[in-house]
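[1] Dropping a prediction and its sequence here:
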Amino acid sequence: MKLVLTPKFERAYRKYVKQDKQLQYHLEDILQKMETNISATNLSTHKLSGKLKGLQACSCGYDCRIVFSIERDPESKSDVIILLDIGTHHEVY
């Protein structure tokens, strides 16, 4: 599946990796895994509830989450992963 980064995700990503440059390499690996297999067990992908119902999240470390949705691209007729937010558990939920 193709990844689509929203402006909010891009801002949050830059802010998050600014704290720790080594984290950037780890996150790039996670994003590649998401693109290859969003259901991989090491991503701990799960559906969200409450105010984030309809969205999903995956783990990218002890206290790092990526919030996303899976939507159908009207042009290509294939599913895409829309990356919405990244941050600590507290920041994104």
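    Cool, the structure landed. Note that the structure is predicted; figures quoted are calculated from it, not measured.
[2] Every contact and neighbour count from this point should use C-alpha atoms.
    Will do.
[3] Show the contacting residues for Ser69.
    Taking CA atoms under 8 Å, 6 or more residues apart in numbering as the contact definition, Ser69 lies against Gly54, Leu55, Gln56, Ile81, Ile82, Leu83, Leu84.
[4] does it sit in a helix or strand, and which one?
    For Ser69, the enclosing helix or strand under DSSP states H and E is strand 65-72.
[5] Which strands border that strand, and is each parallel or antiparallel?
    Sheet pairing here is set by DSSP bridges, and for strand 65-72 it gives strand 56-59 (antiparallel), strand 79-87 (antiparallel).
[6] So which residues lie in contact with the helix or strand encompassing Tyr25, not counting its own?
    Using DSSP H and E, the element containing Tyr25 is helix 21-36. Contacts made with helix 21-36 from outside it, assessed by CA under 8 Å, 6+ apart, are listed as Met1, Lys2, Leu3, Val17, Ala40, Leu43, Cys60, Ile81.
[7] Quick check, Ala57 in contact with Lys47.
    Yes. Under the criterion of CA atoms under 8 Å, Ala57 lies in contact with Lys47, with a separation of 6.5 Å.
[8] Compare those two (neighbour count), which wins?
    More neighbours sit around Ala57 than around the other of Ala57 and Lys47, counting by other CA atoms under 10 Å; the figures are 23 against 14.
[9] got the contact list for that one?
    Ala57 sits next to Thr45, His46, Lys47, Leu48, Arg65, Ile66, Val67, Phe68 when contact means CA under 8 Å, 6+ apart.
[10] That one: what's its closest spatial neighbour, skipping adjacent residues?
    Among residues not flanking Ala57 along the chain, Val67 sits closest, at 4.3 Å (CA to CA, 6 or more residues apart in numbering).
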